[in-house]
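Undergrad: Quick one: sequence and predicted model below, then my questions.
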Amino acid sequence: MPKPGWPGRRHRVPIDVLYFASLREKLGCDAETVSLVEGETVGQLAIRLAGKHGEAGQVLLERSVRAARNQTLVDSGELLAAGDEVAFFPPVTGG
Amino acid sequence: MFSVDPVLTVQAGDFCPGQEQRELQARLVAAGIPAEAGAIAAFTGFVRSERDSQGGDLLALEIEHYPAMTQVALQHICARAAGQWRLITCRIIHRVGRMRPGEHIVLVLVASAHRADAFAACEFIMDFLKTSAPFWKKACFERGERWVEACARDEARLRRWKDVD
């Protein structure tokens, strides 16, 4: 058995993914937990999630989509780590 | 940085701009600096009435947000403003949920010794609120609803602050 806190090769490391606004509506999903692939970037995660959500998932590949990692805006090249919270959303319209 | 900590709130309920300014002034008194602020610049944003050719009159805006990130974003915006101008304190309120035409959406108060810094920081905070804080508006009309789109004008206004780190 892997030691507590020691992932081991077979232990899947989860990250939380959140969707907001029109992206959330088009995907029909506001949140999900997915396994992290080692060395994956935010952009690669988006591609993987788009595939998972079928035709609706194409919305994740649009140029206008923004991403945050642990509540900070990041670009698609940002590397992910265990325990991250990633959010995908359209350009913001507050204020 | 600020002499008195900013108070930054995201809330569903309405606010009273006059009361918020009185409370800001009370915080200056409590901090022992009752008259250091020669200026308080204030901005209030409202839901503007609108008529869509197909959808009819605007009934309400629904504002969604990313709770964990809005607080971080508001703090970051304030920190940038305080890094650029000499500010005493500020107060930001951004409402979320459903609100009707004529209702308040957002309040920004900035206290400074002098008006130039207060005006500039207030405008800066609003420009950044519009482009970097995780809120999204949906417009609900008599016949149908649509998400408000980010506009090029707001992005263009951001570029005016290019010298602010």
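TA: Structure received.

Undergrad: ends of stretch B:85-96, how far apart?
TA: One end of stretch B:85-96 sits 29 Å from the other (Cα to Cα, to the nearest Å).

Undergrad: same check, this time on stretch B:50-64
TA: Note: stretch B:50-64 ends 20 Å apart using Cα to Cα.

Undergrad: and what of stretch B:90-101?
TA: 26 Å.

Undergrad: what about it, near chain A?
TA: Yes: applying Cβ under 8 Å from any Cβ of the partner chain, one finds stretch B:90-101 touching chain A at B:H94. C-beta coordinates here come from the backbone N, C-alpha and C atoms, glycine included.

Undergrad: So for that stretch, what gets flagged as buried?
TA: B:90-96, B:99 (16 or more other Cβ atoms under 10 Å in any protein chain shown).

Undergrad: quick check: mean pLDDT across that stretch?
TA: For stretch B:90-101, the mean per-residue pLDDT is 98.

Undergrad: Next: stretch B:57-68.
TA: Computed over stretch B:57-68, the average pLDDT equals 97.

Undergrad: which outside residues touch it?
TA: With contact meaning Cβ atoms under 8 Å, 6 or more residues apart in numbering or on different chains, stretch B:57-68 is reached by A:18, A:20-21, A:68, A:71, A:85, A:87, A:89, A:94, B:10, B:47, B:49-52, B:94-101, B:105, B:134-142, B:145, B:148.

Undergrad: Tell me which of these fall in helices.
TA: Mapping these onto helices (DSSP state H) picks out A:A21.

Undergrad: List buried residues within the contacts of stretch B:57-68.
TA: Buried, going by 16+ other Cβ under 10 Å: A:18, A:20-21, A:68, A:71, A:85, A:87, A:89, A:94, B:10, B:47, B:94-96, B:99, B:105, B:134-139, B:141, B:148, out of the contacts of stretch B:57-68.

Undergrad: contacting residues for the one residue in chain B that gets nearest to chain A?
TA: Closest approach of chain B to chain A (Cβ to the nearest Cβ) occurs at B:F135, with a separation of 2.8 Å. Contacts for B:F135 (Cβ under 8 Å, 6+ apart) come out as A:92-95, B:63-65, B:70, B:94, B:96.

Undergrad: Adding distance to B:H114, write these out as JSON lines.
TA: Formatted as JSON lines, the contacts of B:F135 follow (distance: Cβ to Cβ, whole Å):
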{"residue": "A:V92", "distance to B:H114": "31"}
{"residue": "A:T93", "distance to B:H114": "33"}
{"residue": "A:G94", "distance to B:H114": "29"}
{"residue": "A:G95", "distance to B:H114": "25"}
{"residue": "B:I63", "distance to B:H114": "34"}
{"residue": "B:E64", "distance to B:H114": "38"}
{"residue": "B:H65", "distance to B:H114": "33"}
{"residue": "B:T70", "distance to B:H114": "30"}
{"residue": "B:H94", "distance to B:H114": "26"}
{"residue": "B:V96", "distance to B:H114": "33"}
